[in-house]
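Asker: this is a predicted model, with the sequence first.
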Amino acid sequence: AGTMELSAGGQRLVPIASQMVNLAADATDAIRHAQGAPDLLRVVATSTVAEHVARPLLNAFTARHGPVEVTLGVATASEMPAVLLERLADVGLGPRLADLESQPMLRHRLVVVAGPHHRLTRSDRISAGCLARHTWLVDASGADPATDIGLLLTRLRVPEDRIRVFPSMTAAWAAAADGEGIAPGIAHLVDNDVVRGHLVVLPVEGTPIDLMWFANTLPPGRRSMATDRLRRFLDTPHAMQAMHRADASVPVSRFRPPVYVTLWS
């Protein structure tokens, strides 16, 4: 109920419309090149990756491989394949996506955190099953069932009325520090708050969970030169250092303001 389906005519139109979009993308690239404009790199990322990883990564990339005009958009994992396949974006950062080339980008560990006065911090061992009874504090990726955090909440059978969504993971962690609930945490990103005593990593069975974020692109021949340059950059120590900086900063000697942020709705 409430679903829409393409008519026979609509189904015939889809591949034609896709070809038109691809031709338009090729024409735009050709015009920019003829005018001497910098390469354009359009990146979309899941909310957590966009907030903590994508911006420092792209700033480091343009500092070393500019001039490149970069846009950064936020998309759900379920939206990303269509956005990339229709060439509305060049790179999708987040979980591995089917039917695309997925390059490992950043290994990370998922933990569960709470404020120092939360009653779960008094436990020596916490079963995953009991977590469904607590209030979870997440960003938009927690409401996306295709992300690692969304999959975790689904596996734990956390009911919707136990999930509170914040504008960012930073805001969710701040609420957790204030005792409003528990939150998923990326281990290296919450480390400073843990050291300062603002957050506590809970001893939940089965955690930490080792995970990987990927850079998803079209195959060779269908992607831009800027996309290939970013893929090569991902394998360098400079990219790893940028993605592991919890404060998302770059050295002043290499700072440029190249990333224009947009939102996908």
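Answerer: Here it is on my side, so go on. Numbers count the residues shown, from 1 in each chain.
Asker: let me see the mean pLDDT of the strand ranked longest in the chain.
Answerer: For the chain, the strand with the greatest residue count under DSSP state E is strand 101-114. Strand 101-114 comes out with an average pLDDT of 96.
Asker: list the buried ones in it?
Answerer: Residues 101, 102, 103, 105, 106, 108, 110, 111, 112, 113, 114 are the ones in strand 101-114 that count as buried (16 or more other Cβ atoms under 10 Å). The C-beta positions use only the backbone N, C-alpha and C, and glycine is treated the same way.
Asker: residue contacts, the second one?
Answerer: With contacts taken as Cβ atoms under 8 Å, 6 or more residues apart in numbering, residue 102 has the following neighbours: 96, 214, 215, 216.
Asker: and it, bridged to which residues?
Answerer: Going by DSSP bridges, residue 102 is paired in beta bridges with residue 216.
Asker: got the residue ranges for the strands in the stretch 51-200 of the chain?
Answerer: 68-74, 91-94, 101-114, 136-138, 163-165, 182-186, 200-201 (DSSP state E, counting those that start in this stretch).
Asker: where does the stretch 1-150 of the chain dip in pLDDT?
Answerer: 1-38 (pLDDT under 70).
Asker: if you set the cut-off to 80 instead, what comes out?
Answerer: 1-39, 65-67 (pLDDT under 80).
Asker: ranges for the helices of it?
Answerer: 8-34, 47-49, 55-65, 80-85, 148-155 (DSSP state H, counting those that start in this stretch).
Asker: for residue 48, which of the strands of the stretch 51-200 of the chain is the nearest?
Answerer: Counting by Cβ to Cβ, residue 48 lies closest to strand 182-186 out of these; the figure is 7.1 Å.
Asker: between that closest one and strand 101-114, how big is the angle?
Answerer: Between strand 182-186 and strand 101-114, the angle formed by their directions is 140 degrees, by axes from the mean of the first three to the mean of the last three Cα atoms, to 10 degrees.
Asker: could you pull up the mean pLDDT of strand 182-186?
Answerer: The average pLDDT within strand 182-186 is 96.
Asker: what packs against it?
Answerer: strand 101-114, strand 136-138, helix 169-177 (3 or more Cβ pairs under 8 Å, 6 or more residues apart in numbering; DSSP states H and E).
Asker: my guess is residue 181 contacts residue 135. True?
Answerer: Yes: if you go by Cβ atoms under 8 Å, residue 181 and residue 135 touch, sitting 3.4 Å apart.
Asker: give me the common contacts of these two.
Answerer: Common neighbours of residue 181 and residue 135 (Cβ under 8 Å, 6+ apart) are residue 164.
Asker: who has more neighbours, the two?
Answerer: Neighbour count, other Cβ atoms under 10 Å: between residue 181 and residue 135, residue 181 has more, with 19 against 15.
Asker: tell me the contacts of the more buried one?
Answerer: Listed by Cβ under 8 Å, 6+ apart, the contact set of residue 181 reads 114, 134, 135, 136, 137, 164, 175.
Asker: redo the strands of the stretch 51-200 of the chain as TSV? Include distance to residue 226.
Answerer: Output for the strands of the stretch 51-200 of the chain, formatted as TSV (distance: least, Cβ to Cβ, whole Å):
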stretch	distance to residue 226
strand 68-74	6
strand 91-94	9
strand 101-114	15
strand 136-138	32
strand 163-165	33
strand 182-186	27
strand 200-201	38
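Asker: of all the ones you listed, which one is nearest residue 147?
Answerer: So among the strands of the stretch 51-200 of the chain, strand 91-94 is nearest, using Cβ to Cβ, at 6.8 Å.
Asker: what packs against that closest one?
Answerer: strand 39-45, helix 80-85, strand 209-217.
Asker: one more time with 10 Å
Answerer: strand 39-45, helix 47-49, helix 55-65, strand 68-74, helix 80-85, strand 101-114, strand 209-217, helix 225-233 (3 or more Cβ pairs under 10 Å, 6 or more residues apart in numbering; DSSP states H and E).
Asker: of all these, which lies closest to residue 185?
Answerer: Nearest to residue 185, of the helices and strands packed on strand 91-94 and by Cβ to Cβ, is strand 101-114 at 4.1 Å.
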